[in-house]
Each structure stands twice: as structure tokens, then as C-alpha cells.
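Colleague: quick one, what's the 3D model for this:
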Amino acid sequence: MFRKRSLRVGGVAVLALALVVGAILPASAAPSDPGRWPLTGERSGQVVRRPALAIKVDNASSARPQVGLEYADLVWEQLTEAGMTRFVAVYHSRIPDAVLPVRSARPVDISIVRPLNGVFAASGAQPRFLDMIRDAGIQGLYNDRGHPGFFRTPYRVLPNNVVGQPHVLLSQARAGLSAPPPAQFRHATAAGRGTASLHGRRAPQIEARMSPIQRTVWDWDAESRTYLRSNGTRPSYSYTEVRHAAANVVVLDVEVVEQFELPTTVLDRRWGPATVASGGRQITGIWYKPSVTEPIRLIGPGGGDILLEPGATWVNLRPRDPNQPTQHFRDVPASDQFTNYIHWLADQGISTGWPDMTFRPSEPVERQAMAAFLYRAFQPTGFQAPGRASFTDVNRGGQFFFYIEWLADAEIATGWPDRTFRPGQSIERQAMAAFLYRAAGSPEFEAPDEPTFSDVPRTDRFFFYIEWLADTGITTGWPDGTFRPLAPVERQAMAAFLHRASAQGLLG
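Modeller: From the prediction side, this is the model:
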């Protein structure tokens, strides 16, 4: 029996009938024009006969800038753990030489990749996820399984140092996967003829809040006729300093459930509100995915298909409740004075704790960990680690080599006269003050005549840095009026210091 209901989307009533049985909204595959690239709708002299390649790419702050995203025909942004997001970048019309950083697969990737009838590449995944991908009929290639087409670069740190080589990956496509992919969305046949461009309302900016810490923003650029992407207020660039841009931005409100101990997006046999932005305008409708093997259909207010502009499309799978908590640690009680700071640190990707879900808040911060914290907090761009280590006690292949070399290159730390860095040594509170000041760009500051803390006299060599730290409100010291400059910095205190620096606008 048919059921009928009216769905309100952006003030427009969209009639949705019996979605579960597909009686009124049947599956409607987007047609493929042999003279156009199927994933972008752009004209081509001859569409190359090759399958689509989907690659899993990270979007944590420590993963930026990414390599190769600007070549993708389709990019899907999805929520992962700790409030961070990852991409599934789909390549067909243009194949880059490299994609970085390749990360692990998640269950929702099956719903995205299966309709492409192509190849999927990831660094790896939990064994049960790999089984699910295989059982869905997807050819998966994984770095962890030793498949050709991956290598680790010494210029990035774990886990964001896996490089994918798309040409090598595509060369392994199994028999029967040589055909171009079916179109995933319907495109207009000429620029300016997309549904949003013709019938939408003006949309200079589109925002998709993915979680409390990830706000994806798209700003219309009339000169390039594209939407330009930002992570919050920070423009999103590739490693080659190309701004990430899309002819079409599609925002789908989706259900995210707690499954497999992870936030898991559910798409198959689901539907919900959709926003499509093209040509500086947006239109609202609904999205509908009939099954795992079929692509998503975008339906406009009148019940017809929404046509996209020719060009690249980015899809945000926006959780219906993007404000849900994103990170908790077993050893950080809700009543602790540092709880909010620690969860913020994790949400920003600066530190996610240990695999046993502990943060170990009272442990001292090692100098090598401090280097990583500062790099992730300040998010510098364009740094490449040298071929030779600057310090005799820092191994070039070590986990913290990249961060320590950045610290030295930025003149935040110079190490000791014997050319050591002493990476495993706890960092003192006075040294932390100096590091933070230099990482913030050495802002102008005039130290007071009278010391703020009784144990930091004006003659102390760290007096200036500690006074700056107090003046900005990053530290207040102890109730007894001391700063305790030689005491090691605890991990919970480091979380508070960085949070306060962020609140003062000093990060990035």
C-alpha cells in the first residue's frame, strides 16, 4: 500500500511517495553520453576507456595540504571518528601522478564506490571492513596488503605519509573493469543550464557543518564560475597551492549511527533533504539511494531530476546532528577542570590519545611530542623536511622527525650546543613559553617592569616569554603567585595552553 507524506526542505514542500518500495520514485540511472566524461558531464573528444578509481584521503589538520584532490571528478566528504572528516576522491577524466595522504576505508565507502563499478584504493582497514568491501563486489587495493601502487614518503609523518600512484593502481584493474563508470549524477548539456543556475536562489556561500570541529565552507567565485572550499575560515589548498574548487556543491543531510565502534554514515535505501549549489545559486530538494549498487538520485521541488553544471562535484555527507560529542577518554572524567581543553585538543586532531582510549593527562609532555602538538596546532604550509637530520639524536625515519625538523626550520627551537634535541626529555614550562611565543610569530610585546610571578625575576632569561604568556591569558600560574618555570608541562596543561592560544587568535 502506498504511503504519502510531505517533506519540508528549505521552505519547499517536496512530495515523496512510498520511497521504500520505489513506487513513485523509481530508480533512474543517469544516462551516459559517449561524447562526455560520465562523472563531470564535460565534453570530450573521446572518453578514455578506463574504469573510475576511488581513493580514500584524509582531511585531518595534520593531513593538509593534500596532494591530487584538485584532479578529482567527484569528491565525497564524510564524518569519521573524533569529529574529523575524510574524502573519497574519484578520478576518471584526469589522473594525477600521486595522491596523498591515502587513509583507511570505512563501511560507508561501499555505498559510494559500488555504483562506480571501478577500483577502490585505501591504506587498509579493519579486516571486517575489507571483507564487507570484497563481498560487495568491489576490487580493493590496499597498502597494508602489499599491493603495488603505494609507498611511504619520508616528508610526511605517520599515519599521513602513504602516497597512492593512480596510474599503477589502475593498471591492476581486473578483467571486466575496463569500461568507463556510469554517470553518478545528471548534468546539463551546456554551462549555465543546471537546475540551480536556472531556478535557484542566490547563494554566495554554502556551509556544511560536519561536526563541532569541522565546518566546510564554499564561497562563490564569479571569475572562475566555481565554489572555493575552506575548512572553517582557512582556505583549502592542494600541495601545489591550487585552491580546491567545485562547479557543483551537493550537501546531503544523512543519518549517522554508532556502528562498529565508529560514527557510520548510512546511505543505502535512505533519503533526506538535499541542497545543490551551482552557478552561484542553490536549490533544495531530496536525495534518494535505492540500493548499494545504484547511485544517488537528486530530485527537485517539482519531482524531476536536478541537473548539475558540467564540471567537478563535491558532496558533503552532512550529519543530521552535527553537534554530537566527538571524543571521550577513559581517564578524563566529565567533572575534570581540563576536560573541555582535552576534548578540544582531540577534536582538532592535535592529539587523539592512546589506542586504549586514554589521554594520560598528568604525564609530562616530551619535547618531541611538543613539536608535533605545535605543528598540528599552527598548521604551517609548504614545509619539506631535509634529507639529513639537523640533530644527532633524531633519526630521519623516526615518528617525530618531520615535526622536529619543522621546529628547527622555523627557529622555534635550536636544540643544545652539542647538536642534540633530546626528544624524549620532558619540556619545561619556561621552554614551552618560548616555543609558543616563537610559533605565534614572535608578536610585538613589551614586558612589564615588575614581574608577574614571584619565582621568575626580571633577570631570568625566560622572563620575556613567560610575561608574554601571562599577558595573553594563556597562563595564570599557581594560586601562590608562582609559575614554576622548571616544572615539566603536563599533557592536560598543554591542552589548556593551546586552547587559550586559539581563543586569542594566535593559531594559524
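Colleague: helices along the stretch 151-300 of the chain, start to end?
Modeller: Ranges of helices in the stretch 151-300 of the chain, per DSSP state H, counting those that start in this stretch, are 166-170, 195-199.
Colleague: and if you look at the chain?
Modeller: 108-113, 127-135, 166-170, 195-199, 339-347, 367-378, 401-409, 429-439, 463-471, 491-503 (DSSP state H).
Colleague: weakest of these by average pLDDT?
Modeller: Lowest mean pLDDT within these: helix 339-347, at a mean of 80.
Colleague: just the CA atoms of that one, as PDB, please.
Modeller: The C-alpha trace of helix 339-347 is given here as PDB (Å, rounded to 0.1, in the frame of the first residue of the first chain):
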ATOM      1  CA  THR A 339      38.100  18.100  30.300                       C
ATOM      2  CA  ASN A 340      36.900  20.700  27.700                       C
ATOM      3  CA  TYR A 341      40.500  21.600  26.800                       C
ATOM      4  CA  ILE A 342      41.500  17.900  26.300                       C
ATOM      5  CA  HIS A 343      38.500  17.200  24.200                       C
ATOM      6  CA  TRP A 344      39.200  20.300  22.100                       C
ATOM      7  CA  LEU A 345      42.700  19.100  21.600                       C
ATOM      8  CA  ALA A 346      41.500  15.800  20.300                       C
ATOM      9  CA  ASP A 347      38.700  17.300  18.200                       C
END
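Colleague: export the helices of the stretch 151-300 of the chain to TSV and tack on mean neighbour count and distance to residue 179?
Modeller: For every residue, glycine as well, the C-beta is placed using N, CA and C. Formatted as TSV, these follow (neighbours: other Cβ atoms under 10 Å; distance: least, Cβ to Cβ, whole Å):
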stretch	mean neighbour count	distance to residue 179
helix 166-170	19	13
helix 195-199	20	28
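Colleague: can these go into a markdown table with extra columns for distance to residue 82?
Modeller: Below are the helices of the stretch 151-300 of the chain laid out as a markdown table (distance: least, Cβ to Cβ, whole Å):
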| stretch | distance to residue 82 |
| --- | --- |
| helix 166-170 | 28 |
| helix 195-199 | 33 |
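Colleague: show me what contacts the closest residue to residue 246 other than its chain neighbours?
Modeller: If the residues on either side of it in the chain are set aside, residue 246 comes closest to residue 314, at 4.2 Å by Cβ to Cβ, 6 or more residues apart in numbering. For residue 314, the contacting residues are 74, 75, 76, 77, 218, 227, 229, 244, 246, 248, 249, 250, by Cβ atoms under 8 Å, 6 or more residues apart in numbering.
Colleague: beta partners of the last one?
Modeller: The one in question is residue 250. Beta-bridge partners recorded for residue 250 (DSSP bridges): residue 276, residue 315.
Colleague: thought it was touching residue 275?
Modeller: Yes. Residue 250 is within contact range of residue 275, at 7.4 Å (criterion: Cβ atoms under 8 Å).
Colleague: that older thread, which stretch among the helices of the chain comes nearest residue 306?
Modeller: Ranking the helices of the chain by proximity to residue 306 (Cβ to Cβ) places helix 195-199 first, at 4.6 Å.
Colleague: what about the closest one, distance to the chain center?
Modeller: Put simply, helix 195-199 sits 29 Å off its chain's centre (Cα atoms, centre = their mean, to the nearest Å).
Colleague: what helices and strands are in contact with it?
Modeller: Helix 195-199 sits against strand 270-278, strand 281-289, with contacts defined as 3 or more Cβ pairs under 8 Å, 6 or more residues apart in numbering; DSSP states H and E.
Colleague: switch to 10 Å and redo it
Modeller: strand 248-259, strand 270-278, strand 281-289 (3 or more Cβ pairs under 10 Å, 6 or more residues apart in numbering; DSSP states H and E).
Colleague: for that helix, C-alpha coordinates in CSV please.
Modeller: Extracted in CSV, the C-alpha atoms of helix 195-199 (Å, rounded to 0.1, in the frame of the first residue of the first chain):
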residue,chain,number,x,y,z
THR,A,195,18.8,23.4,-12.4
ALA,A,196,20.2,25.5,-9.6
SER,A,197,21.7,28.0,-12.1
LEU,A,198,18.3,28.4,-13.8
HIS,A,199,15.8,28.2,-11.0
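Colleague: contacts for it, please.
Modeller: 186, 188, 191-192, 203, 225, 248-250, 275-285, 298, 300-302, 304-309 (Cβ atoms under 10 Å, 6 or more residues apart in numbering).
Colleague: give me the buried subset of those.
Modeller: Neighbour counting by 16 or more other Cβ atoms under 10 Å classes 186, 188, 191, 203, 225, 248-250, 275-285, 298, 300-301, 306-309 among these as buried.
Colleague: number of residues surrounding residue 227?
Modeller: Counted with other Cβ atoms under 10 Å, the burial measure for residue 227 works out to 25 neighbours.
Colleague: does residue 238 touch residue 89 like I think?
Modeller: No. Using Cβ atoms under 10 Å as the test, residue 238 is too far from residue 89 to be in contact (11.3 Å).
Colleague: between these two, which is the more surrounded one?
Modeller: Using other Cβ under 10 Å, the more surrounded residue of residue 238 and residue 89 is residue 89, with 28 against 18.
Colleague: mind listing what the residue most central in space within the chain touches?
Modeller: Residue closest to the average C-alpha location in the chain (Cα atoms, centre = their mean): residue 59, at 1.9 Å. For residue 59, the contact set (Cβ under 10 Å, 6+ apart) comprises 66, 69, 77-78, 80, 84-87, 101, 103, 210, 214, 216, 231, 236, 349.
Colleague: same check, this time on residue 97
Modeller: Residue 97 makes contact with 67, 68, 71, 163, 165, 166, 167, 168, according to Cβ under 10 Å, 6+ apart.
Colleague: from residue 119, how far off is it?
Modeller: 17 Å (Cβ to Cβ, to the nearest Å).
Colleague: could you do residue 222 as well?
Modeller: Applying Cβ to Cβ to residue 222 and residue 119 gives a distance of 37 Å.
Colleague: ok, these two, which is more surrounded?
Modeller: Legend: neighbour count by other Cβ under 10 Å for residue 222 and residue 119, higher for residue 119 (26 against 9).
Colleague: could you check how far that one is from residue 276?
Modeller: Going from residue 119 to residue 276 by Cβ to Cβ gives 28 Å.
Colleague: what do residue 238 and residue 89 both touch?
Modeller: 66, 68, 69, 70, 71, 96.
Colleague: so residue 139 sits right up against residue 174, yeah?
Modeller: Yes. Applying Cβ under 10 Å, one finds residue 139 in contact with residue 174, separated by 5.5 Å.
Colleague: need the overlap of contacts for these two.
Modeller: Joint contacts of residue 139 and residue 174 (Cβ under 10 Å, 6+ apart) are 51, 119.
Colleague: those two: who's more crowded?
Modeller: Neighbour comparison, residue 139 and residue 174: the larger count goes to residue 139, with 18 against 9 (by other Cβ under 10 Å).
Colleague: how is the chain divided into domains?
Modeller: Structural domains assigned to the chain are 4-319, 339-503, following automatic domain parsing.
Colleague: nearest to residue 329, out of the ones you listed?
Modeller: domain 339-503 (4.2 Å).
Colleague: burial count for residue 452?
Modeller: If we define neighbours as other Cβ under 10 Å, then residue 452 has 18 of them.
Colleague: give me the pLDDT for it.
Modeller: We have a pLDDT of 95 for residue 452.
Colleague: same question for residue 328.
Modeller: 55.
Colleague: one more: residue 335?
Modeller: So residue 335 comes in at 73 (pLDDT).
Colleague: what residues are up against it?
Modeller: Applying Cβ under 10 Å, 6+ apart, we find residue 335 in contact with no residue.
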